[in-house]
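Trainee: give me coordinates for this.
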Amino acid sequence: MSTQTLSAQRIMMISTHGYVAAKPELGKPDTGGQVVFVLELARQLGRLGYSVDVFTRQFENQPPTELLDEKVRVVRIPCGGPDFIGKETLCEHIPEWVERALCYIESKGLKYGFINSHYWDAGLAGQALANQLHIPHLHTPHSIGAWKRENMDGTPEELERKYNFSTRVREEKVIYDECDLVLATTPQQRDLLQEGEYEIPVAKIRVIPPGYDDTRFYPVSRGSRQALKRDLDVEFPVVLALGRMAHNKGYDLLIRSMPLVRERIPDVRLLLAIGSTEPSQRETEQMDELRKLVRELHLDDCVLFRDYIPDDQLADYYRIADVFALSSRYEPFGMTAVEAMACGTPTVITTEGGLWEQVTWGLESIYANPYDPMSFGHSIADVLQYPRVSDQMSKYGSQKARARFTWTGIAQQLLRVVEDVEPRFRFADSDQEMSGPRAAWAVDPSEEELWKKSTS
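Mentor: Predicted structure coming up:
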C-alpha cells in the first residue's frame, strides 16, 4: 500500500472517549491533549490529500457526522446509551460500538487503507475492525496502564476501583500483541513497552511524537509580549501552568515550589489556568484542595486561579508567560510544553514523563523533579532571574519545536510507517481472507442485519 495508492482511499482514525468535535470543548471530562492530537493529525493528513474519518462515540445529542475540513470528518457511533461514559469503563461498551461501526461502514460502502487507534478503549475497537476489514491497525497508546498504575498515589484497591487497571493492562497486552505496529510517543514509552508486563518486540514499535500547529504557536517580539501582558493585566513575572484539572498534573507540587521562587523573585505570580467549563464533583474537590494549600502556604497574593482558557486565546497566554511550568507526576509527553516552547516561552518540565529526554537541558528547556519542590522552584527562579538563560531557552526552544514537532512532519512519519506493514495486506481488497487473530466479540452477521433493519 504505497502512499500513492493510499491517496485514493480513506484513513480511519479512532478515538472513542471524550468530546471529539471540530471545536472540541477542551477542559470537559476526558477531553484534552489526546483529542487535540487526533484532530490535528487528521487535519494535516487531509491537507496532504487524504480523506480521513475520525470515528468516535456519539452521546448527549451530538450529530452523527461533522466536517472538520474539506477531506476530514468526525463520524459518531452510538453505544452505551445517551450519557457520557468515562474512559475507564467505556471498554464495556466497545463490542456494541464495533457492531454499529461495521454496519455504518458497510452501509456506506466505505474502504479504508489503514486504522490508527488512540488509547486502549479505541485500541479494542480498532483491532476488532481491522480483523473484520482485513486492513492494517496501528495503535497509539498515549499512556500506558502499568506505568500509570505504578506512578499514582493511592492504595491498590483505590486505584483499581477508580481506574480499572487490571482490565486495562490485560486488554492493552492483547492490543499490543495483535495490532500491526505500536506507535509510542516518546523513546521512554518505547522502552516501557518492551519491559515488564508487555514485552513488545522492539521491531514492532515506532516512535512518533505529538505535534503542534505552527500556524498558531510561534514567537512574537518582546514588544508584542509586553503589549499582551498589559491587555491581560499581568504586568509582572508570570509562571504559567495550564491544563485539565487532574491529580497527575501535579499542580499541588508546583504550588509547593512557589515559596522558594517568591523568595528569590518577590513580585512573581503563578497563573493556574486549570478550570473546566463543566467541572465534575471530583474536579471541584481538587480545586478546593489547591486553594486550601495556597492559603496554608500564605500564597494568596502569589497564586492566580483562572478559568479554562478558550482555544483561540491559548497562544497569547503562552506568550505572556515568563516561564511555562509542566509539573506532572507522570506525563506521557507534554504537549502544552511544546506549544509554549514554540511560542518562545522558556519551559521548566517534569522528569516524570517523556519530553525531557528529547530536549537539551539549559539550552532548549530545563527539567527537574516536581517531587522535589526546592529543585523545581530553583529551576523556575533561575530562568526568571537570569535574562541570558531565558533568552537562550526562548530562542533554541522554539527552534527545537519547529524542527521536531510540527504536524506536517508527524503526519509524514505516520504515512511512512504504514509502508512497514503494507506487504502483508496487498490482497486486502481481494476475495481472499487473511488468517490471523479474531476479536472474541467479532460481529455476528445476523445481529448486524437486525441492527441495520432497526435503524433503517
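Trainee: how about Asp307: what's its closest non-neighbour residue?
Mentor: Distances taken as C-beta to C-beta, 6 or more residues apart in numbering place Gly275 nearest to Asp307, at 3.7 Å, with adjacent residues excluded. Bear in mind the C-beta positions are built from the backbone N, C-alpha and C, glycine included.
Trainee: next, count neighbours for Pro156.
Mentor: Using other C-beta atoms under 10 Å, Pro156 is surrounded by 10 other residues.
Trainee: distance of it from Trp120?
Mentor: 19 Å (C-beta to C-beta, to the nearest Å).
Trainee: just say helix, strand or coil for the residue nearest to Asp307.
Mentor: Following DSSP: H, G, I helix; E, B strand; the rest coil, the label given to Gly275 is coil.
Trainee: show me what contacts Tyr163?
Mentor: 88, 148-149, 152 (C-beta atoms under 8 Å, 6 or more residues apart in numbering).
Trainee: CA atoms only: put stretch 49-64 into CSV for me.
Mentor: Extracted C-alpha coordinates of stretch 49-64, given in CSV (Å, rounded to 0.1, in the frame of the first residue of the first chain):
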residue,chain,number,x,y,z
GLY,A,49,-4.6,14.9,0.2
TYR,A,50,-6.0,12.0,2.1
SER,A,51,-9.7,11.6,3.1
VAL,A,52,-9.9,10.9,6.8
ASP,A,53,-12.8,9.7,9.1
VAL,A,54,-12.3,10.2,12.8
PHE,A,55,-14.6,7.6,14.4
THR,A,56,-15.7,8.4,18.0
ARG,A,57,-18.7,7.7,20.3
GLN,A,58,-22.0,9.5,19.9
PHE,A,59,-23.7,10.8,23.1
GLU,A,60,-25.5,13.8,24.5
ASN,A,61,-27.5,14.5,21.3
GLN,A,62,-24.3,15.1,19.2
PRO,A,63,-24.8,15.0,15.4
PRO,A,64,-23.8,11.7,13.8
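Trainee: residues of it that come out buried?
Mentor: 50-59, 62 (16 or more other C-beta atoms under 10 Å).
Trainee: show me the two of these that sit farthest apart.
Mentor: The span of those, defined through C-beta to C-beta, is set by Tyr50 and Phe59 at 27.6 Å.
Trainee: any idea how far Glu178 lies from Gln127?
Mentor: On the measure of C-beta to C-beta, Glu178 and Gln127 end up 5 Å apart.
Trainee: just send the contacts of Tyr163 back as CSV, with distance to Glu160 and pLDDT too.
Mentor: Formatted as CSV, these follow (distance: C-beta to C-beta, whole Å; pLDDT from 0 to 100):
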residue, distance to Glu160, pLDDT
Glu88, 10, 95
Lys148, 12, 87
Arg149, 9, 91
Met152, 11, 82
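Trainee: weed out the non-buried ones from those residues.
Mentor: Among these, those classed as buried by 16+ other C-beta under 10 Å are 88, 148-149, 152.
Trainee: more crowded one of Glu178 and Gln127?
Mentor: Using other C-beta under 10 Å as the criterion, Glu178 and Gln127 rank with Gln127 on top: 26 against 19.
Trainee: tell me the pLDDT of that one.
Mentor: On the pLDDT scale, Gln127 is placed at 98.
Trainee: in a helix, it, correct?
Mentor: Yes - judged by three-state DSSP, Gln127 forms part of a helix.
Trainee: and the chain, what are its domains?
Mentor: Per automatic domain parsing, the structural domains of the chain span 3-211+406-455, 222-404.
Trainee: for those, which has the smallest mean pLDDT value?
Mentor: Of all these, the minimum mean pLDDT falls on domain 3-211+406-455 (a mean of 86).
Trainee: figure out how far that one is from the centre of its chain.
Mentor: 13 Å (C-alpha atoms, centre = their mean, to the nearest Å).
Trainee: where's the nearest residue to Leu48 once chain neighbours are set aside, which helix or strand?
Mentor: Once flanking residues are discounted, Leu48 sits nearest to Ala411: 5.9 Å by C-beta to C-beta, 6+ apart. Assigned by DSSP states H and E, Ala411 belongs to helix 407-421.
Trainee: for that helix, which positions count as buried?
Mentor: Applying 16+ other C-beta under 10 Å to helix 407-421 flags 407, 409-411, 414-415, 417-418, 421 as buried.
Trainee: out of those residues, who's nearest Glu171?
Mentor: Looking across the buried residues of helix 407-421 and measuring by C-beta to C-beta, the closest to Glu171 is Val421, at 21.5 Å.
Trainee: quick one: residues contacting that closest one.
Mentor: 114, 136, 138, 180-181.
Trainee: what about those, which one has the most neighbours?
Mentor: Going by other C-beta under 10 Å, Phe114 tops the contacts of Val421 with 28 neighbours.
Trainee: by contact count, what packs against the helix or strand where it lies?
Mentor: Following DSSP H and E, one finds Phe114 within strand 112-118. For strand 112-118, the packing partners by 3 or more C-beta pairs under 8 Å, 6 or more residues apart in numbering; DSSP states H and E come out as helix 3-6, strand 10-14, helix 33-47, helix 119-133, strand 137-140, helix 407-421.
Trainee: output it as CSV, restricted to C-alpha atoms.
Mentor: Listed next in CSV are the C-alpha coordinates belonging to strand 112-118 (Å, rounded to 0.1, in the frame of the first residue of the first chain):
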residue,chain,number,x,y,z
TYR,A,112,-10.1,2.3,4.3
GLY,A,113,-6.3,2.0,3.8
PHE,A,114,-5.5,1.5,7.5
ILE,A,115,-6.7,2.2,11.0
ASN,A,116,-4.9,4.4,13.6
SER,A,117,-6.5,4.0,17.0
HIS,A,118,-5.8,6.1,20.1
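Trainee: how about the helices in the stretch 351-456 of the chain?
Mentor: Along the stretch 351-456 of the chain, counting by DSSP state H, counting those that start in this stretch, helices occupy 373-385, 387-404, 407-421, 445-455.
Trainee: list the helices and strands the longest one packs on?
Mentor: When contacts are defined as 3+ C-beta pairs under 8 Å, 6+ apart, helix 387-404 packs onto helix 335-342, helix 373-385.
Trainee: so which of the ones you listed is the most surrounded?
Mentor: Using mean count of other C-beta atoms under 10 Å, the stretch among those with the largest mean neighbour count is helix 335-342, at a mean of 28.
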